[in-house]
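**Student:** kindly return the folded structure for what I paste below:
(chains A and B, ligands or ions: 1)
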Amino acid sequence: MAEYLKPVPTPDPDTKKFWEYAKSHELRLPRCTACSLLFYPPQGLCPRCLGDALEWVKMRGTGVVYSMSVVYANRSKGFKDEVPYIFGYVTLDEDVQMLTNILFKGDPFQVKIGAAVEVVFDDATPQVTLPKFRLRAG
Amino acid sequence: MGPLTDKFCIAGVGETKHMRPSNRTTHSMGVEAVKRACEDAGIRPQDIDGITSYNIGDSTAGTSIGSSLGMRLNYAVDIQGGGSSTEALIAHAVGLLTGGYCKNMVIFRSMNGRSGRRPGGQALSGPTPVTPISTYDNFNQLYGFLSPGQRFGMSCMRYLKDTGMDPNKLGHIAIAHRKHASLNPKAVMRTPITMDDYLASRWVSKPFRILDMCLETDVSAAIVIVPREQAYDLRQPPVYIMGGTARTMADNPLWNYSRDVIHYVAGNYGRQRLFGMSGVTQHDIDLTSSYDAFTFTTLIQLEAYGFAKPGEAGEYVASGMIDIDGRRPNNPSGGHLSEGYTHGISMVIENVRQLRHRADDTCPGWQQGRHTYDRAKGCRQVKKAEIAACLGWGTETMSSSCILRR
Ligand SMILES: [Zn+2]
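**Tutor:** Residues are numbered from 1 along each chain as shown, chains lettered A, B, ... in the order given. Purely as a prediction, here's the structure:
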C-alpha cells in the first residue's frame, strides 16, 4: 500500500467515537438526548442546548449534495496527484450536513447540487477510515 | 450623525511596493510601511505610542517594528487574522484612543504573501500537518479543504444555484477591477481584460477561474489613526471614521455550513450596526471597497451590506455601477484581484486617498488634489468621493467594516 500523504485526524475525546465507528464502516453522528439535535462535526456538547448527554446515531448513509467545489490545483503532495477532486457538503436524509469528498468517475461537472449520493468508507491507513460519498442511482 | 463622527481620523497611509518576490524580511518591509505612513501624515513615529498588526503566523511583531522606528510604546498587540482584520483594528484603535490608553495609533500588515507562507497553508512538499487547533479544522483538512478558494467556492456554487445568477457575471468584477488597476501605477496586473479573456482563463477550483482570484504578493502597508484635534496639525486632509463593525461573526460560525444558508454571510449581521453607527444609509455612499480575494467575495459583500438586494448583486456589478465612472465605484485601486493581495489593508488605504481627492495616479497635480478625471490620461480619482464604505471579509462567517468620510 502506498504511503498515505494526506492529513490524518487527531481524534480527541469529542471525536474519538466518530472515527472508531468509521473504522468499522458505520456512519454515526452525535445526537443530543435532551433536545434531540443531530449535529456535525462532533463536539462534546450540544451546540443548541449545551447538553452533554449525547448518543451516537447510525445514519442511513444517503443524502444529496448541498454544495461543492471542484479542485484543480492543490500543491500538497497527498492531493496534487488526485486533482481534480471534489469536496462538498452533503445533506443526509436525517437532515444534517457533513463535509466530505464526493467521488466520481470521468467528468467532475456531472456532480451537481442536489445529486443523490451514498456513503463509502475509504480505509486510508490501517488506523484511519474516512467516510466519503459517491453518486448513487436515482 | 453617529456617535463616532468626527472624533478620529485616518491621518496617514503608506506601503511598500507589491513585490514578487521581495527577498526581504517582514520586519524590513513593516518598518518601511510604517515610516511611509508617518511621512504621509507628517507625524514622527516617536509621536505614535500604539502599534497593532494582524498576521497568520507569518509576520513580525509590532514591538520589533516600533523598536526599529524609535517608538516608546504604550500599547502593542498583534492579532491573529487575515481578511477583516484591518477594519477590526481600526475599531480597536478607536477604543484605545477613546479610553486614553494611547495618543496616536498605527496599524500595519507585513507579509511575504507570495514567497513565504501562502493562505491555506498549502505546503509545496509533503503532507499538510494537521495541528490540533480545533475539531473543525481537522475535519476540513482531511478532505483537501485547505485554501480559501476551495472554501468560498462552495458558497458561490450554492449562491448560483439558489439565485439562478449567470456565473459569467462574476467576470464583470474582474474586468472592472483590472480596468481600475490599469490606472494605478502600484498595481501588479495593469493590462485590461475582456469577458472573453475571463471566460478563457483556467479553472483553479470550480466555480473559480484564475481571473476570479487575487494576486498573492509580498508587501507591507500601514495606517496612522489620530484624534481629530491632532489631525488638524498634520499634513493631509483628515479622513474621518464615521462608524464600523469590529469583527462581526455570523450566528454559530463553526456551524455555518451545517445549519444555515451558507451564503448568508456575516455582513448581514453587521449591516445595521454599520449604518446605524455611521448615521448614513447605503444611498449616501459614493464608493465602496470590497475584500476581493475572489470575485465572489465582492459580490456577496455588496449584497450583505445592502448595496444590492438579495440575489441581485450580479445585476449590480454587471450594470457598470462598480466602474470608476459608475454610480458607486468599487475598489478603484484594482483591489486584491489586480493591485495585489494585502489581506485587506490596501483597500482602506485606497479609500483614504480617494476621499482626500489625492489618488496617486499619473495626473501631474495629484498630490495637491488636482485631477483631470480623464481615464485615457491615467486619472484614477473617483469624481464624487465624499463618503466611502470599507467592507472587510474574513470568511463567510467573519466580517468587519467601516465608513469613512472626507
Ligand atoms: Zn441539545
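**Student:** now A:Val65: which helix or strand?
**Tutor:** In this structure, A:Val65 sits in strand A:62-71 according to DSSP states H and E.
**Student:** touching chain B at all, the helix or strand just after that strand?
**Tutor:** Following strand A:62-71 in sequence order, the next helix or strand is helix A:77-80 (DSSP H and E). Yes. Helix A:77-80 comes into contact with chain B (C-beta under 8 Å from any C-beta of the partner chain), by way of A:Lys77, A:Gly78, A:Phe79. Heads up, the C-betas are built off the backbone N, CA and C, glycines and all.
**Student:** show me which positions of helix A:77-80 end up buried.
**Tutor:** By neighbour count with 16 or more other C-beta atoms under 10 Å in any protein chain shown, helix A:77-80 contains the buried residues A:Lys77, A:Gly78, A:Phe79.
**Student:** Throw these into CSV and include pLDDT and distance to B:Ser201, thanks.
**Tutor:** As requested, the buried residues of helix A:77-80 are arranged in CSV below (pLDDT from 0 to 100; distance: C-beta to C-beta, whole Å):
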residue, pLDDT, distance to B:Ser201
A:Lys77, 76, 26
A:Gly78, 82, 27
A:Phe79, 85, 22
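**Student:** three-state assignment of B:His92?
**Tutor:** What DSSP: H, G, I helix; E, B strand; the rest coil gives for B:His92 is helix.
**Student:** wait, what's in contact with it?
**Tutor:** B:Thr52, B:Val77, B:Ile79, B:Ala246 (C-beta atoms under 8 Å, 6 or more residues apart in numbering or on different chains).
**Student:** so which pair among those residues is furthest apart in space?
**Tutor:** Using C-beta to C-beta, those span at most 13.9 Å, a distance reached by B:Val77 and B:Ala246.
**Student:** sorry, back to before: and the strand holding A:Val65, which strands flank it?
**Tutor:** Here strand A:62-71 is paired, per DSSP bridges, with strand A:85-92 (antiparallel), strand A:116-123 (antiparallel), strand B:203-206 (antiparallel).
**Student:** hey, C-alpha coordinates of the shortest one in CSV?
**Tutor:** The reference is to strand B:203-206. Extracted in CSV, the C-alpha atoms of strand B:203-206 (Å, rounded to 0.1, in the frame of the first residue of the first chain):
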residue,chain,number,x,y,z
TRP,B,203,-10.3,26.7,-13.6
VAL,B,204,-8.5,26.6,-10.3
SER,B,205,-11.3,25.5,-8.1
LYS,B,206,-14.6,25.5,-9.8
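**Student:** now it: how far from the chain's centre is it?
**Tutor:** 23 Å (C-alpha atoms, centre = their mean, to the nearest Å).
**Student:** how about residues contacting that strand?
**Tutor:** Contacts with strand B:203-206, where a contact means C-beta under 8 Å, 6+ apart, come from A:69-73, A:84, A:108-109, B:147, B:149-150, B:153, B:157, B:209-210, B:212-213.
**Student:** next step: those residues restricted to strands.
**Tutor:** Of the contacts of strand B:203-206, the ones assigned to strands by DSSP state E are A:Ser69, A:Val70, A:Val71, B:Arg209.
**Student:** export the residues you listed as TSV, with columns for pLDDT and distance to the ion.
**Tutor:** Output for the ones in strands among the contacts of strand B:203-206, formatted as TSV (pLDDT from 0 to 100; distance: C-beta to the ion, whole Å):
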residue	pLDDT	distance to the ion
A:Ser69	90	31
A:Val70	90	35
A:Val71	89	35
B:Arg209	95	43
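**Student:** show me which of those are buried.
**Tutor:** A:Ser69, A:Val70, A:Val71, B:Arg209.
**Student:** next one: the spatially most central residue of chain A from A:Arg134, what distance?
**Tutor:** Centroid-nearest residue in chain A: A:Thr100, 4.0 Å away (criterion: C-alpha atoms, centre = their mean). Between A:Thr100 and A:Arg134 the distance is 10 Å, computed by C-beta to C-beta, to the nearest Å.
**Student:** and if you look at B:Leu4?
**Tutor:** In terms of C-beta to C-beta, B:Leu4 sits 54 Å off from A:Arg134.
**Student:** then B:Ser53?
**Tutor:** 46 Å.
**Student:** now do the nearest residue to A:Lys58 once chain neighbours are set aside: how many residues are near it, please.
**Tutor:** Leaving aside its chain neighbours, A:Lys58 sits nearest to A:Arg28 (5.2 Å; criterion: C-beta to C-beta, 6 or more residues apart in numbering or on different chains). Residues contacting A:Arg28 under the criterion other C-beta atoms under 10 Å in any protein chain shown number 18.
**Student:** more neighbours: B:Val77 and B:Ala246, which one.
**Tutor:** B:Ala246 (19 against 15).
**Student:** can you tell me the element the more buried one falls in?
**Tutor:** Going by DSSP H and E, B:Ala246 is part of strand B:239-249.
**Student:** any bit of that strand sitting next to chain A?
**Tutor:** No. Under the criterion of C-beta under 8 Å from any C-beta, chain A is not reached by strand B:239-249; the shortest gap measures 14.0 Å.
**Student:** for the host helix or strand of B:Ala76, packing partners?
**Tutor:** Per DSSP H and E: B:Ala76 is located in strand B:75-80. For strand B:75-80, the packing partners by 3 or more C-beta pairs under 8 Å, 6 or more residues apart in numbering or on different chains; DSSP states H and E come out as strand B:50-55, helix B:62-68, helix B:85-98.
**Student:** ok, and for it, which residues are buried?
**Tutor:** B:Tyr75, B:Ala76, B:Asp78.
**Student:** separation between the first one and the ion?
**Tutor:** Note on B:Tyr75: its distance to the ion, by C-beta to the ion, to the nearest Å, is 41 Å.
**Student:** please name the nearest non-neighbouring residue to that residue.
**Tutor:** Closest to B:Tyr75 by C-beta to C-beta, 6+ apart is B:Gly50, at 4.1 Å.
**Student:** and if you look at B:Met189?
**Tutor:** In space, B:Met189 is closest to B:Ser338, 4.6 Å off (C-beta to C-beta, 6+ apart).
**Student:** test my guess that that neighbour contacts B:Ala181.
**Tutor:** Yes. Counting by C-beta atoms under 8 Å, B:Ser338 does reach B:Ala181; the two are 3.4 Å apart.
**Student:** who touches both of the two?
**Tutor:** B:Ala187, B:Val188, B:Met189, B:Arg190.
**Student:** and the helices in chain A, which stretches?
**Tutor:** A:16-23, A:77-80 (DSSP state H).
**Student:** close to chain B, is the longest one?
**Tutor:** No. With C-beta under 8 Å from any C-beta as the measure, helix A:16-23 is seen stopping short of chain B, the closest distance being 9.1 Å.
**Student:** would you mind measuring from the residue nearest to A:Lys58 to B:Leu142?
**Tutor:** A:Arg28 is 17 Å from B:Leu142, by C-beta to C-beta.
**Student:** what residues sit buried inside stretch B:284-295?
**Tutor:** Result for stretch B:284-295 [16+ other C-beta under 10 Å]: buried residues B:Ile285, B:Asp286, B:Leu287, B:Thr288, B:Ser289, B:Ser290, B:Tyr291, B:Asp292, B:Ala293, B:Phe294, B:Thr295.
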